[in-house]
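> A structural model of the following input is requested.
(one chain, ligands or ions: 1)
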Amino acid sequence: MPTEREYYQTPIAETGEAEIQEIRRLPQNTAAVLLNRTIFYPEGGGQSGDRGSINRKPLLDVQERDGEILHILSAEAAADLRPGPAELLLDVRRRRDLTVHHTGQHLLSGIILGLTGKATVSMHLGEELCTIDVDAPEFPPDAQEAAEEAAADSIEENRPVNIHLCPPERVEAFPLRKIPPKNEAVIRVVEIQGKDFSPCCGTHLQSTGQIGLLRILKAEKYKGLTRVYFIAGRRVLRNSRLLGRNCDIASQALKVPAGEIGKGLLAHLEKTAALERTLKAREEALAEYQAEALIQGRPGPVVAAVPDAGIDEILRIGRSAQKISSAVILLAAPKELKFAAFCSAAGADLRTLLAEALAQAGGKGGGSASFFQGIFPNSEKLDSFIDFFKKKMQI
Ligand SMILES: [Zn+2]
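Next up is the predicted model:
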C-alpha cells in the first residue's frame, strides 16, 4: 500500500500517528522507515524534505523514490525502531518557513510574469536564500521595487490559495504559468487567486496574508538569465533586525544618523584617502632624510641594520639612497629578519656579490643585478650574514 500523504490534507500538522511498515537499510550508515501514512513532506517540486522525528528518532531527510516515501534516519537511530505504532513529530518552524517561501515564490513568479512578461524557468528554496531564474537579460532595481510593492499589495489583500486536483486531460482549462508534469494520474494546480496558476506538488499556505512580507534582496545575471534572490516571512524580520544592528554600529562609528550612513561612509573614505596621501608624502620625505644620513656624502658601499623598520620602510630608504649613490647599499630590517640590497653601478651584479654570503649564513632570497632581497630564520643568522658581508665589502 502506498503511504497516505497526510501533509496534503492538514496544511501543517505538528504531530501524527502512523504504523511503521518496514525499516530498510540504506548505504552510508542510513536507513529508511516506511510508514502507512505520513505528515512529512518528501523532497520534490523545488522544496526540500521535512525534518522532525519518528518515535523521537531524528529524521535526516525525507525522499520519494519510485512512489515510495523514504523517511531517512541514521542506521544507529533506526536500530531502535521496530514495525508497529509510531509517533510522528514535525519540525513545524522549518516547514512553515519553507511553505511561506514556496507560496511566496509562486506569487513573485506570477507577479514578475504579469509586470514584465518574463517567465520563471527554475527556482530554488534554500535554507537561507531563495532564488528564481527569470528568462530576462536583466531585472533592474526599479523593476525589483515594483515587484516587491505588487507582492505587498497581494499579501495585504490576503488572496486565497486554492488547490485544484485535475485530471491531465482537463488541465488546459487553467491558465498555467508553467508546463504541467507528464504521466501523472492527477495534476495538482496551485492557484493564487487572481495572480497565478501553477502545477505544483509542494506545500502551500491557505492565503497570501500568511506570507507576511516578501523582499527581493538582489538580482544578478546568471547563464543568460537573471537570478532573483528573495526572502519572505520571518526571514525578512530577521534580516531587517540584522541590518538594523549593523546600521547602529556604523551610525555610531561614523557619527551620522542611520539614514545617512552611505553619505557618511563616502565622506569618511575621502578623508582617509587624503590622510593616506599625506602619510605617503611624509614617509617618502623621511626615507630621503634617512637615506642622506646613511650615505653622508660618502661614495662607498653602505651596510646597515635599521632598528624597528619593516621591509616597506627599508625599500623606501634604499630607493631614496640609490638616487644619491650608485654604490652597493644593503639595509636590514632585524624585526622582520629581512634585508634588501640595491646597486645602480653599471656592470655590478648583486647576485654574484650576495648569493655566497646568503647561502653561508643559511638565508633564502633572490633578485636581479640591481635589486636583491632575502630572509633569515633567526637574528643570529641575519647578524652573521651582515658581518660576513661587511668584511667582504671591507667596511
Ligand atoms: Zn511550486
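
> so residue 365: helix, strand or coil?
strand (DSSP: H, G, I helix; E, B strand; the rest coil).

> spell out which parts of this protein neighbour the ion.
Counting by Cβ under 5 Å from the ion, the residues of the chain close to the ion are 45, 200, 202. From N, CA and C alone the C-beta is placed, and that goes for glycine too.

> and the pLDDT for residue 178?
Per-residue pLDDT puts residue 178 at 84.

> and for the longest strand out of those in the chain, what's in contact with it?
Longest strand of the chain, by residue count under DSSP state E: strand 15-26. Residues outside strand 15-26 that contact it (Cβ atoms under 8 Å, 6 or more residues apart in numbering): 6, 31-39, 54, 70, 72, 75, 78, 81-90.

> of those, grab the buried ones for ChimeraX.
Of the contacts of strand 15-26, the buried ones go into a single ChimeraX selection, burial set by 16 or more other Cβ atoms under 10 Å:
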select :6,31,32,33,34,35,37,38,39,54,70,72,78,81,86,88,89,90
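
> any idea how far residue 3 is from residue 64?
9 Å (Cβ to Cβ, to the nearest Å).

> and these two? Which one has more around it.
residue 3 (20 against 16; other Cβ atoms under 10 Å).

> so the closest residue to the more buried one other than its chain neighbours, which of the three states?
Spatial nearest neighbour of residue 3, chain neighbours left out: residue 69 (4.5 Å); criterion: Cβ to Cβ, 6 or more residues apart in numbering. Following three-state DSSP, the label given to residue 69 is strand.

> one more: residue 347?
Residue 347 - assigned by three-state DSSP - is coil.

> what about it, how many neighbours?
Using other Cβ under 10 Å: residue 347 sits among 5 other residues.

> with residue 14 instead?
13.

> how about the closest residue in space to it that isn't next to it in sequence, phi and psi?
Distance criterion Cβ to Cβ, 6+ apart; nearest residue to residue 14, sequence neighbours excluded, is residue 92 at 5.0 Å. Backbone torsions of residue 92, given as degrees, to the nearest 10, read phi -70, psi -40.

> ok, residue 92 touching residue 39?
No - using Cβ atoms under 8 Å, residue 92 is not in contact with residue 39, being 10.1 Å away.

> related to what we said a few turns ago, the longest strand of the chain: which residues count as buried?
16, 18, 20, 23.

> and which of these is nearest to residue 119?
Checking these against residue 119 by Cβ to Cβ gives residue 16 as the nearest, at 37.2 Å.

> can you dump the C-alpha atoms of the helix or strand of the chain with the lowest mean pLDDT in CSV for me?
The helix or strand of the chain with the poorest confidence is helix 6-9; it has a mean of 84 (mean pLDDT, DSSP states H and E). C-alpha atoms of helix 6-9 as CSV (Å, rounded to 0.1, in the frame of the first residue of the first chain):
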residue,chain,number,x,y,z
GLU,A,6,-1.4,13.5,5.2
TYR,A,7,0.6,16.6,4.6
TYR,A,8,-1.8,17.5,1.8
GLN,A,9,-4.9,17.1,4.0
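
> what sits up against that helix?
Contacts for helix 6-9 (Cβ under 8 Å, 6+ apart): 13, 16, 37, 38, 39, 40, 41, 50, 163, 203.

> give me the lowest-pLDDT entry from the residues you listed.
residue 13 (84).

> tell me which residues touch that residue, please.
Residue 13 neighbours (Cβ under 8 Å, 6+ apart): 6, 7, 39, 90.

> quick one, what contacts the third one?
Read it as residue 39. With Cβ under 8 Å, 6+ apart, residue 39 has these contacts: 6, 7, 10, 13, 15, 16, 50, 52, 88, 90.

> now the strands for the stretch 51-200 of the chain?
52-54, 57-58, 61-65, 68-74, 84-90, 120-125, 130-134, 161-166, 187-192, 196-199 (DSSP state E, counting those that start in this stretch).

> re earlier: who's the residue nearest to residue 3 bridged to?
residue 64 (DSSP bridges).

> can you count the residues close to it?
Quick note: residue 69 (other Cβ under 10 Å) scores 23 neighbours.

> which non-adjacent residue is nearest whatever residue of the stretch 101-250 of the chain ends up closest to the ion?
Of all residues in the stretch 101-250 of the chain, the one sitting closest to the ion is residue 200 (3.2 Å; Cβ to the ion). Of all residues not flanking residue 200 in the chain, residue 190 sits nearest, at 4.6 Å (Cβ to Cβ, 6+ apart).
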